[in-house]
Each structure stands twice: as C-alpha cells, then as structure tokens.
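**Q** The following block contains a protein sequence and its predicted model.
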Amino acid sequence: MFNYVEYHRQYREKNQELLKEKAKQYHKDNKEKIAERQRQYNIDHPESNKKRYLLHRKESLEYSRQYSFRGKYKLSKKDWEGLWYAQDGRCAICDKFFTNLKDTHVDHNHKTNKTRSLLCNKCNLGIGFFNDDPELLKIARRYLIMAW
C-alpha cells in the first residue's frame, strides 16, 4: 500500500531549498492577499491576537535588553547577572531594591564604554543629566548643602 504521508515527508526533505524559494515567491506575489487574510483573522480572533501580541512584546523586550547589553556594553547575560548578584539587586547609588528589570540600567563611562554598575532609573538619569561630570556633581552637592 502506498504511504502518501511518508512519500510527502521524504519529498519535503529532499527539496527543502526548492520549497523555500517557492514559498518566498508565493509571498512576494500575494502580499496583499496574505495581509488581508491576516487582518481578517485578527478581527475574527481578537483574544488570540492579544495573547500573541503580549507574548511577542515580552520576548522582544528581553531580546532587545540582551542585544543592548551585548552591543553597547559588551556584557553577556552572565556578566549582567553577576553585577545583579554582586549588588544584591540594589541600585549602586541610592541602595533601593530594583522593582523590575525594566527599571534596571547599566551605568557605563560614555567615553570608554566601560561598565561601572547597575543603577535605578532615577539615579541613571541624574548622572546622565550631569554628563557624568564629577566636578559638576560636586558643585551640585555644595549647592544642595548650602540651600538646605
């Protein structure tokens, strides 16, 4: 007896490249038709679309964080976790616990790109607004002490 499923599987294995090219060409030739079908599916299945969106958003946030660590700071996930545990999950300046990963920032020297530590959003912005200038921060400190 002829086993169509097995024959089809073997055909797909032998002709992977050809089938990929055909699929690319089909998508290229039928962009509008595919887009309209997707729009209609999204209208008909809003709950599925929302789940997919939330999952994609979560995955893309994690991916972009990892990409940023590797690209900007030459920092692997293991290195980042090492900083996290060394600081006990706290900001290096204000010593508050990080509430979530989104509010955790990698502080680095903008001239050398050398990583310094992890900071909360407020401390990171504060240093950034002072352009990482220790002298300017000393002046601001003196001002605050005198104005207090």
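**A** Cool, got the structure. These numbers come from a predicted model, not from an experiment.

**Q** Show me the strands in this protein, by range?
**A** Taking DSSP state E as the criterion, the chain carries its strands at 104-108, 115-120.

**Q** list the buried ones in stretch 33-40?
**A** Neighbour counts over stretch 33-40 (16 or more other C-beta atoms under 10 Å) mark no residue as buried. No exception for glycine: its C-beta is placed from N, CA and C like everyone else's.

**Q** try stretch 124-138
**A** 124, 127.

**Q** got the contact list for it?
**A** 93, 105, 107, 109-110, 119, 140 (C-beta atoms under 8 Å, 6 or more residues apart in numbering).

**Q** Can you give the distance of that stretch from its chain's centre?
**A** 26 Å (C-alpha atoms, centre = their mean, to the nearest Å).

**Q** now do stretch 111-127
**A** Here stretch 111-127 is found 18 Å from its chain centre; the criterion is C-alpha atoms, centre = their mean.

**Q** Can you redo the contacts of stretch 124-138 as a markdown table, where the extra columns are neighbour count, pLDDT and distance to residue 12?
**A** Output for the contacts of stretch 124-138, formatted as a markdown table (neighbours: other C-beta atoms under 10 Å; pLDDT from 0 to 100; distance: C-beta to C-beta, whole Å):
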| residue | neighbour count | pLDDT | distance to residue 12 |
| --- | --- | --- | --- |
| 93 | 16 | 93 | 57 |
| 105 | 19 | 86 | 47 |
| 107 | 19 | 88 | 51 |
| 109 | 10 | 81 | 53 |
| 110 | 9 | 78 | 52 |
| 119 | 24 | 92 | 52 |
| 140 | 14 | 91 | 66 |
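
**Q** so which of the residues you listed comes closest to residue 8?
**A** residue 105 (52.0 Å; C-beta to C-beta).

**Q** so who does that closest one touch?
**A** For residue 105, the contacting residues are 118-121, 124, by C-beta under 8 Å, 6+ apart.

**Q** how about 6 Å then?
**A** Contacts for residue 105 (C-beta atoms under 6 Å, 6 or more residues apart in numbering) come out as 119, 124.

**Q** Pull up the gap between it and residue 126, please.
**A** 11 Å (C-beta to C-beta, to the nearest Å).
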